[in-house]
Structures are given as C-alpha cells and as structure tokens.
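A.B. asks: Here is a sequence with its predicted model. Questions after.
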Amino acid sequence: MGQKNCKPQPGDLIEIFRPFYQHWALYVGNGYVIHLTPVDDESSSLWLSSSSIGATTAKVKKQRLKDVVGNHRWRVNNKYDRRRTPRPVNDIIREAEERIDEEVTYDALTDNCEHFVTELRYGKGVSRQV
C-alpha cells in the first residue's frame, strides 16, 4: 500500500513498516528499488522469520517498489542526511545496480538491510533500529 503523497527520487532510502521491524530499500527510479532478500527464499524482503533471523547471507535484488511493499506502509526516510552527506546520485545508483544478484553478508544486528542501503547512500553503513 503506497503512500499517496510520497514521491521517491533516485537515491532515496525507503523505509517499509513490517510487523516488529522496518525493512529498508534504495529507490533507483521507474518504480524500482534495490534491497536485500534471503538467499534461499524468493520472498520480497528479509522477513523477520526463522529463515532470516539465522541468515548469514542475503541476496541483492532489484524489484518493483509496490511488490516489495505489498500491503505495508512505507515512506521516504533519508534520516541521516542531517549528519551525513549523500554521495552523488549517479554513484549511488551505479553501485547499487552493479551489486544486483550479489550475495552479501547478513547479520540482523551488524549487517542488515538498513546498513546495506545507507552504505550505498552515504558510503558508510548505519542502522539505529537494532
């Protein structure tokens, strides 16, 4: 369920409100995001489940924002812009696109989906949700 007044721009961080946690994605334009999914699962995101809690790897996927969001609320949330300077949008998008289908280290506490997208946007991964 998309937000009516939300108009993401390429390079924006997208916060998706899931039960018990937030999933994060990077908007790359034309209705698409790049985000992390479980390696052994074709679901749209790293759900808080037995398969994702113990996951040690994740896969970088490019999918339609509406498919990743499903029926959940979402918003653009570039919350670290006050403290960190975003990298140039072309660099963010290029690096994100280069990482599609890559398997990456995943740890819910130290290497999660928010770390992944903030590293793309700012050059350093940050997460305050854990």
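C.D. replies: Cool, the structure landed. Residues are numbered from 1 along each chain as shown.

A.B. asks: Residue 102 - how many residues pack around it?
C.D. replies: Look at residue 102: counted by other CB atoms under 10 Å, it has 11 neighbours. In this view, the C-beta of every residue, glycine as well, is placed from N, C-alpha and C.

A.B. asks: who are the neighbours in contact with the closest residue to it other than its chain neighbours?
C.D. replies: Nearest non-adjacent residue to residue 102, counting by CB to CB, 6 or more residues apart in numbering: residue 60, 4.8 Å away. Going by CB atoms under 8 Å, 6 or more residues apart in numbering, residue 60 touches 34, 35, 36, 96, 99, 100, 101, 102, 103, 104, 116.

A.B. asks: the helices in this structure, which residues?
C.D. replies: Secondary structure of the chain, counting by DSSP state H: helices at 50-53, 65-69, 89-98, 113-122.

A.B. asks: Highest mean neighbour count out of those helices?
C.D. replies: Burial of the helices of the chain is given as mean neighbour count (mean count of other CB atoms under 10 Å); helix 113-122 ranks first at a mean of 23.
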